[in-house]
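**Student:** Starting from these lines, generate the structure:
(2 chains)
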Protein chains: 2
Amino acid sequence: MARAQRSCKDCAVFSFELTASDSGSKARRGRLHTPHGVVETPAFIPVGTKASVKGLTPSQIVATGTEIILANTYHMLLRPGPEVVAEFGGLHGFMGWDKPILTDSGGFQIFSLASLAKISDEGVTFRSHIDGAKLKLDPQSAIDVQNKLGADIIMAFDQCPPYPCERSQVEEAVSRTLRWAQACRQAHTREDQALFGIVQGGVYEDLRMRCAAELCELDFPGYAIGGLSVGESHEQMMEVLDYLPDELPEDRPRYLMGVGMPRDIVEAVRRGVDMFDCVLPTRNGRNAQAFTANGPVKLRNEQHKTADQPIEDGCDCHACTHFSRGYIRHLFVVDEMLGPILASIHNIRFYQRLMVRIRELIEQDNLQAIYSEYPVAT
Amino acid sequence: MARAQRSCKDCAVFSFELTASDSGSKARRGRLHTPHGVVETPAFIPVGTKASVKGLTPSQIVATGTEIILANTYHMLLRPGPEVVAEFGGLHGFMGWDKPILTDSGGFQIFSLASLAKISDEGVTFRSHIDGAKLKLDPQSAIDVQNKLGADIIMAFDQCPPYPCERSQVEEAVSRTLRWAQACRQAHTREDQALFGIVQGGVYEDLRMRCAAELCELDFPGYAIGGLSVGESHEQMMEVLDYLPDELPEDRPRYLMGVGMPRDIVEAVRRGVDMFDCVLPTRNGRNAQAFTANGPVKLRNEQHKTADQPIEDGCDCHACTHFSRGYIRHLFVVDEMLGPILASIHNIRFYQRLMVRIRELIEQDNLQAIYSEYPVAT
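**Tutor:** Below you'll find the predicted structure:
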């Protein structure tokens, strides 16, 4: 496979190189260069919604093999506010994380969390779910906030339609997303941040194709696929991924937002996706659900009461190398914080080990083997 | 100062040596040898009530300079039960902590947490505060449970009278505590555990003296002072400590249970106490109250919103070397677990740095200097 390396004009310090591919699928092995370091792709991005991956210190996050984390612009806008974060030199300085960070644009959370959200071509007005304060985000302010937060990768302000949704509404969302993408492109000024465009279009192929084609004309350094973890089935997600990645430039990273289960990730990688973020490892961890290659383990179960084995045999995470299922079960049963912490550490490491193995198998041109190593992905 | 080293007949692997003393006070510098390592004294023991120092992994606890932790027998009796812990080789194996551990006898928690506690010379019946199950503890079973939990230091089953309390009730508690101490002495069989006796007697000097004298006849490898953090004033505590440590054998460690504030600890060390345990650093940490040499810092305060300084200047803990007050304030304001974790790490390290400094100043025969270095202790 030829090496494709390219710096986008707006972000000289940002580049993406493809280093290998899998002949049995469209999977790509790459390397994303950012001002705060390299991200090996396909990559999984743990979520630190409020500038904290719940319960973990940055050094514990690094120990899971994580190279990039995500923070939510909507939450940071509410508390502590972008000006406060900017005083600490942005999210990196604020939260003590010196590796790459990605922020979303805030649009998705406005519709899932805020109240009284009203959308127009000018932007979205909404009320804070914390104190009811009236707020507004538009392409200009979404970029301005993200410039202040200072992540390495920032996202265009888009409209993510719900699922299911009338075609006419999705069409309107695509048109608005495209207009806003252009506005974001113009509003973005920081050369040390890469602004990604977001493809919307729901499950409508022609709308997805149109959105991808027009976004590509704006020449973004990376492209996200939005609106695909909003309620549709795994099969519907895969139908979109069967054609959409091919419509995006080969030499730019492709980021599937908010996805997903191990199976979703493996199948999306096989269709040419490079980046993923998801709350599942941490959220499920806090709820005593552990991921393993053979499927979920419910850590509260009575059956683990005297189990001396780790959460997952062969796992090299801090939880599995230091603690038994029996002890971790006890921690959950008696409501000790350390239970959620250890389960989150394991689950993030599970995801990162999956990504390591995916990357190795792509390099070996044998991604197919992932199914036997990870029955949970079938 | 002459070296006093002695092994108690019941615990050949346990010894206590005194290495220095402060001529301006009765403070002693010592070293407690246990099967799981050495504890430098005066020592502070963080509390891991339910076999977990809340929110911290053992390696994070070790990083605070902690050499010994405490777990509560009452809580372990309820969940997961001593038999379960025994299957993991005791608390050390269960919780992944390979340094010394101390367990209390359960008596104090029965009266502060359980319901329908009824005491007689035979023991105490009570109902679990978790599920209402009817349970009983007596000298034999308290030792049996602690033998199963396998801590390095275990405590005799005592009766801790409340404060204030009629003299006649305290007298009865002292008599019962003495009878039970003898019963515990006989019930204890494990040579790798040191059983400490507990001196009760409230604020009545003659009762304290009697209790100490009769306990000493039982030749325990260590002596605890109980019932002194149950509501009486700092001054009343010091009145007891003015005479009581002198009544205990010089060559045995003296442990003041459940104490306390930095000032309490400094004053008790000056009166000859060697060991302390207290929930304050972790409990206050979870409530956003940080200890510093100059007094408490309320981490939720608006004034810290953009503060780039650490919790305490000059502190070498993980929280102070990696995070600002502004970030930690944010974590508390948005209810992120990492806030309590970082504040607990700082507070435990604060206590351990205080103990390090106390030990150094005793070695330099200059403990008096602690007051200028720690204004909070005055």
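
**Student:** Contact residues of chain A facing chain B?
**Tutor:** Proximity of chain A to chain B (C-beta under 8 Å from any C-beta of the partner chain) is limited to residues A:50-52, A:54-59, A:75, A:79-80, A:84, A:87-88, A:94-96, A:305-306, A:308, A:318, A:322-324, A:326-327, A:330-331, A:333-334, A:336-338, A:340-342. No exception for glycine: its C-beta is placed from N, CA and C like everyone else's.

**Student:** Can you select the buried ones from these in PyMOL?
**Tutor:** This is how PyMOL selects the buried members of the residues of chain A next to chain B, with burial counted by 16 or more other C-beta atoms under 10 Å in any protein chain shown:
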select buried, chain A and resi 50+51+52+54+55+56+57+58+75+80+84+87+88+94+95+96+306+318+322+323+324+326+327+330+331+333+334+336+337+338+340+341+342
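
**Student:** Skipping adjacent residues, who's closest to the most far-flung residue of chain A relative to its centre in space?
**Tutor:** The centre of chain A is farthest from one residue, A:T306, which by C-alpha atoms, centre = their mean lies 36.5 Å away. Sequence neighbours aside, B:E87 is the residue nearest to A:T306 in space, at 4.7 Å (criterion: C-beta to C-beta, 6 or more residues apart in numbering or on different chains).

**Student:** Which secondary structure element is home to A:L195?
**Tutor:** Assessed by DSSP states H and E, A:L195 sits inside strand A:194-199.

**Student:** helix or strand right after that strand?
**Tutor:** The first helix or strand that comes after strand A:194-199 along the chain, using DSSP H and E, is helix A:205-217.

**Student:** Can you pull the domain assignment for chain A?
**Tutor:** Under the assignment automatic domain parsing, the domains of chain A span A:14-277, A:279-378.

**Student:** now those in JSON lines, with mean pLDDT and distance to B:R185?
**Tutor:** JSON lines is the format used below for the domains of chain A (pLDDT from 0 to 100; distance: least, C-beta to C-beta, whole Å):
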{"stretch": "domain A:14-277", "mean pLDDT": "96", "distance to B:R185": "44"}
{"stretch": "domain A:279-378", "mean pLDDT": "98", "distance to B:R185": "31"}
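
**Student:** Take the residues of chain A next to chain B and keep only those in helices.
**Tutor:** Within the residues of chain A next to chain B, residues falling in helices by DSSP state H are A:58-59, A:75, A:84, A:87, A:94-95, A:318, A:322, A:326-327, A:330-331, A:333, A:338, A:340-342.

**Student:** The stretch 251-378 of chain A: helices as residue ranges?
**Tutor:** Counting by DSSP state H, counting those that start in this stretch, one finds helices in the stretch 251-378 of chain A at the ranges A:262-270, A:280-286, A:318-322, A:325-333, A:338-363, A:370-373.

**Student:** export the ones you listed to a markdown table and tack on distance to B:R300?
**Tutor:** Listed next are the helices of the stretch 251-378 of chain A as a markdown table, based on distance: least, C-beta to C-beta, whole Å:
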| stretch | distance to B:R300 |
| --- | --- |
| helix A:262-270 | 39 |
| helix A:280-286 | 23 |
| helix A:318-322 | 30 |
| helix A:325-333 | 27 |
| helix A:338-363 | 22 |
| helix A:370-373 | 47 |
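
**Student:** OK, contacts around A:C278?
**Tutor:** Residues near A:C278 by C-beta atoms under 8 Å, 6 or more residues apart in numbering or on different chains: A:F44, A:I45, A:V47, A:S229, A:G258, A:V259, A:G260, A:Y351.

**Student:** Could you report the separation of it from chain B?
**Tutor:** Going from A:C278 to chain B by C-beta to the nearest C-beta, to the nearest Å gives 19 Å.

**Student:** A:H234: neighbour count?
**Tutor:** Using other C-beta atoms under 10 Å in any protein chain shown, A:H234 has 13 other residues around it.

**Student:** Assumed A:I119 was part of a strand.
**Tutor:** Yes - applying DSSP: H, G, I helix; E, B strand; the rest coil, one finds A:I119 inside a strand.

**Student:** My guess is it contacts A:Q159. True?
**Tutor:** Yes - applying C-beta atoms under 8 Å, one finds A:I119 in contact with A:Q159, separated by 6.5 Å.

**Student:** circling back: my read is that the residue nearest to A:T306 contacts A:S324, right?
**Tutor:** No - in this structure, B:E87 is not within contact of A:S324 by C-beta under 8 Å, at 9.8 Å.

**Student:** Between these two, which contacts overlap?
**Tutor:** Contacts common to B:E87 and A:S324, judged by C-beta under 8 Å, 6+ apart, are A:D308.

**Student:** From A:A181, how far off is the spatially most central residue of chain A?
**Tutor:** With distances taken as C-alpha atoms, centre = their mean, A:D277 lies nearest the centre of chain A, 1.9 Å away. Look at A:D277 and A:A181: by C-beta to C-beta, to the nearest Å, they are 20 Å apart.

**Student:** Can you give me every residue that contacts the closest residue to A:V334 other than its chain neighbours?
**Tutor:** In space, and not counting its chain neighbours, A:V334 is closest to B:K50: 4.6 Å by C-beta to C-beta, 6+ apart. Residues near B:K50 by C-beta under 8 Å, 6+ apart: A:H330, A:V334, A:E336, B:A71, B:N72, B:H75, B:M76, B:R79.

**Student:** How about A:E247?
**Tutor:** Contacts of A:E247 by C-beta under 8 Å, 6+ apart are A:R208, A:M209, A:A212, A:A213, A:C216.

**Student:** Kindly write the PyMOL command that selects the buried subset of those residues.
**Tutor:** Listed next is the PyMOL selection for buried residues among the contacts of A:E247, using 16+ other C-beta under 10 Å:
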select buried, chain A and resi 208+209+212+216
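
**Student:** quick check, nearest of the contacts of A:E247 to A:Y374?
**Tutor:** Nearest to A:Y374 among the contacts of A:E247 is A:R208, at 28.5 Å by C-beta to C-beta.

**Student:** For the spatially closest residue to the closest one that is not a sequence neighbour, list the residues it contacts.
**Tutor:** Spatial nearest neighbour of A:R208, chain neighbours left out: A:G201 (3.5 Å); criterion: C-beta to C-beta, 6+ apart. Taking C-beta under 8 Å, 6+ apart, we find A:G201 in contact with A:V170, A:V174, A:L207, A:R208, A:M209, A:R210, A:C211, A:A212, A:G227.
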